[in-house]
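Enquirer: no sequence on this one, just coordinates:
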Ligand code: ADP
Ligand code: MG
C-alpha cells in the first residue's frame with residue numbers, strides 16, 4: 001500500500017516563501033494531477049516528493065514512513081521529466097538498464113525488467129537505437145520505460161507531454177493513463193494543461209501561488225468549483241462571469257437585466273454576487289424565453305461546434321458554445337437562455353462559491 005501523505009509542507013528559497021503550508025493525501029494506486037499556472041510551485045512540490053529538493057518544514061510520508069531525509073533512490077519512486085533526460089550516448093536498452101546497474105541488479109533481473117517494460121511500451125524494435133534516432137513520442141516512451149524497470153511504488157511526472165505536438169500529446173495522454181490502469185502504481189502528475197488534468201486524473205489538485213485551491217474528482221470540480229479561480233481555470237472556453245447586486249430572490253445585473261435566483265442563494269449571501277455560467281450552458285433562445293438580449297460579435301466554427309462571442313447591453317461579452325450548424329450572423333440581435341440549474345454564484349469580494 002503506497003499512499004503519499006503531505007502534512008504542513010513548506011518551501012522557502014531564502015526569504016521567499018514558495019509553498020506556505022500544504023496538506024495533501026494521495027491514496028494507494030491513485031492518479032493525482034497537480035495543475036495550475038506556470039510558477040505556482042508544482043515542480044517544486046514534485047521535486048520535494050522526489051527528494052531532489054529539500055523540504056523546509058512539514059512531514060512527507062510514503063507508505064506510512066517519513067521520508068524527508070531519505071535520498072531519491074531510497075524513496076522507491078521514479079520521475080519522468082519534460083525533457084526526458086535520456087543519456088544521448090546510450091541506446092534504448094542501456095538507458096533503461098542504467099538505473100538497475102546503479103543498484104547492482106544482476107543481469108537476469110535487468111533483462112527481465114527491460115523485457116517487461118519494453119513489451120508494455122512497444123519498445124522491442126527500438127532497443128538498439130540511440131535517443132537521437134527516435135521521434136519525440138518514442139523518446140517519451142523510453143523515459144517511461146526507464147521509470148518502469150525499477151518497479152517504483154510511486155511514479156512522478158513533470159509536464160511529460162509539453163514537448164510533443166498536439167496530436168501526439170493526445171495519444172500519449174491515453175498511453176500514460178492506460179499504463180497506470182495496468183500497473184496501478186500511485187502516480188503524481190504535474191501539468192499546466194487543464195485538459196490533461198480533466199482527462200487523466202482520478203483526483204485533480206488545483207494550485208495557485210503555492211496553495212491548494214481545491215482538490216477532488218475532475219467532474220466534481222468542473223461542476224462545482226469552490227471559487228472563481230477554479231471556475232475559470234477548468235473548462236474551455238472559460239466560464240462566463242457576470243458581477244451583480246443581490247435583490248430579493250434575484251440578481252440585478254444592471255443594464256444586462258435581472259436574473260431570478262429563486263432559492264439558490266443562501267439567506268446569508270453577501271450583497272455583491274458574481275453569476276457564473278459555462279459557454280456550453282447558454283443557448284440561443286427561441287421566441288420570448290430569453291434571459292439576456294445580446295448582439296453577436298464574433299462567430300468561430302471549430303468544425304465540431306460553433307463558438308459565439310456576444311455583447312450584452314452593458315458592453316460585457318459572454319461566450320456561447322452551440323452546435324456545428326448553428327445559424328448566426330455577425331451583428332445579429334439574439335436572446336440567450338439557460339437552465340437555472342446550471343448557474344453558479346460566487347461572492348464577488350472573496351471569490352468563494354456560494355452553496356445553494
Ligand atoms: P511551476 O512548476 O508551477 O511552474 P515552480 O515550482 O518551478 O513552478 O516554481 C515556483 C516558484 O518558485 C517560482 O516563482 C520560481 O521562480 C521559484 N523557484 C523555483 N526554483 C527556485 C530556486 N532554485 N530558487 C529560487 N526560487 C525558485
Ligand atoms: Mg514546472
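Expert: All right, it came through fine. Note that this is a predicted model, so its numbers are computed, not measured. Residues are numbered from 1 along each chain as shown. Ligands and ions are numbered 1, 2, ... in the order given.
Enquirer: Contact distance from ligand 1 - what residues of the protein qualify?
Expert: Residues of the chain found near ligand 1 (CB under 6 Å from any ligand atom) are 13, 18, 36, 38-44. Every residue, glycine included, has its C-beta placed from N, CA and C.
Enquirer: Now, those residues that are in helices?
Expert: If you go by DSSP state H, the residues of the chain next to ligand 1 have 42-44 in helices.
Enquirer: where does the stretch 101-250 of the chain dip in pLDDT?
Expert: Within the stretch 101-250 of the chain, not a single segment meets pLDDT under 70.
Enquirer: Kindly list the longest helix within the protein.
Expert: The chain, longest helix under DSSP H: helix 166-183.
Enquirer: Contacts made by it with the rest, please.
Expert: 31, 120-121, 136-137, 140-141, 144, 148, 155, 157, 160-161, 164, 187, 189, 196, 199-200 (CB atoms under 8 Å, 6 or more residues apart in numbering).
Enquirer: filter those residues to the buried ones?
Expert: Listed as buried from these are 31, 120-121, 137, 140-141, 144, 148, 155, 157, 160-161, 164, 187, 189, 196, 200; burial here means 16 or more other CB atoms under 10 Å.
Enquirer: Tell me how many other residues crowd the closest residue to residue 256 other than its chain neighbours.
Expert: When the adjacent residues along the chain are set aside, residue 256 lies closest to residue 312, with 4.5 Å between them (CB to CB, 6 or more residues apart in numbering). Neighbour count of residue 312, defined by other CB atoms under 10 Å: 20.
Enquirer: just to revisit the earlier point, quick check: helices, which of the buried ones among the contacts of helix 166-183 are part of them?
Expert: Filtering those for helices - DSSP H - leaves 120-121, 137, 140-141, 144, 148, 196, 200.
Enquirer: Among those residues, which one sits closest to residue 109?
Expert: Distance ranking of these against residue 109, using CB to CB, places residue 148 first at 13.7 Å.
Enquirer: Spatially nearest residue to the closest one (excluding sequence neighbours)?
Expert: Distance criterion CB to CB, 6+ apart; nearest residue to residue 148, sequence neighbours excluded, is residue 117 at 4.2 Å.
Enquirer: Just the helices from the chain, written as ranges.
Expert: Under DSSP H, the chain gives helices at 42-50, 92-102, 107-121, 136-148, 166-183, 194-200, 218-223, 228-233.
Enquirer: Figure out which of these is closest to residue 342.
Expert: Residue 342 sits nearest to helix 218-223 of all the helices of the chain, at 9.1 Å, using CB to CB.
Enquirer: who touches the closest one?
Expert: By CB under 8 Å, 6+ apart, helix 218-223 touches 197-199, 201, 204, 206, 214, 230, 234-235.
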